[in-house]
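Could you look at this predicted model? Sequence included:
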Amino acid sequence: MMGRASFRRVREDAEGTQATQERSRYATRQGEAVVAVLQDVAEFRSVQDIHEELRRRGHRVGLTTVYRHLGTLVDRGEVDVVRAPGGEALYRRCEAEAHHHHLTCRFCGTTVEFEGPEIEQRAERVARRAGFRDVSHTVEVFGTCR
């Protein structure tokens, strides 16, 4: 059983970790390794591709750990995720900081980022007419490049 002093210490430690997390955004070797792989590739990659590259580079990291780190990076807005036509999630570090969309080649993964003010306006109109608030969206466009 945790006594009061222990509880207080745990709470103080938790409050102090925010500053530590800001200094070290990718707190583990595995997190840093995932980020390094993403920095080295331009196209969207599957979790399995990223995991294989980590292992090729000599990192001993489990697939679940890769999923967890990618989820954190997506939540932070540092990595984009799109769904391939078959439903598989694909990940890539984003170049643009503002909201944007992707046109991705089905075969080679080449990706073009684009803004879509017409898409944003249309989504807002549809949501307003339907009585929706706090609306977000993703647009995934796939094709075949040259």
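Yep, that arrived.

State the mean pLDDT of stretch 47-66.
In this model, stretch 47-66 carries a mean pLDDT of 94.

What of stretch 126-146?
Mean predicted lDDT for stretch 126-146 stands at 88.

Run through who's touching it.
For stretch 126-146, the surrounding residues in contact (Cβ atoms under 8 Å, 6 or more residues apart in numbering) are 82-85, 101-108, 110, 116, 119, 123-124. The C-beta positions use only the backbone N, C-alpha and C, and glycine is treated the same way.

cool, and stretch 43-57?
Contacts for stretch 43-57 (Cβ under 8 Å, 6+ apart): 33-34, 37-38, 41, 61, 63, 66-67, 70, 80, 82, 84, 88-92, 102, 104, 108-111.

Which positions within it qualify as buried?
Residues of stretch 43-57 classed as buried by neighbour count (16 or more other Cβ atoms under 10 Å): 44, 45, 47, 49, 50, 51, 53, 54.

and those as TSV, adding secondary structure and distance to residue 142?
Shown next, in TSV, are the buried residues of stretch 43-57 (DSSP: H, G, I helix; E, B strand; the rest coil; distance: Cβ to Cβ, whole Å):
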residue	secondary structure	distance to residue 142
44	coil	10
45	strand	15
47	helix	19
49	helix	17
50	helix	20
51	helix	23
53	helix	23
54	helix	26
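
so which pair among those is furthest apart in space?
Spanning the widest gap among these are 44 and 54, at 16.6 Å by Cβ to Cβ.

Let me see the ranges of the helices in the protein.
Using DSSP state H, the helices of the chain run over 4-23, 29-40, 47-56, 63-75, 117-130.

can I get those helices in TSV with distance to residue 139?
Formatted as TSV, those follow (distance: least, Cβ to Cβ, whole Å):
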stretch	distance to residue 139
helix 4-23	32
helix 29-40	22
helix 47-56	22
helix 63-75	16
helix 117-130	6
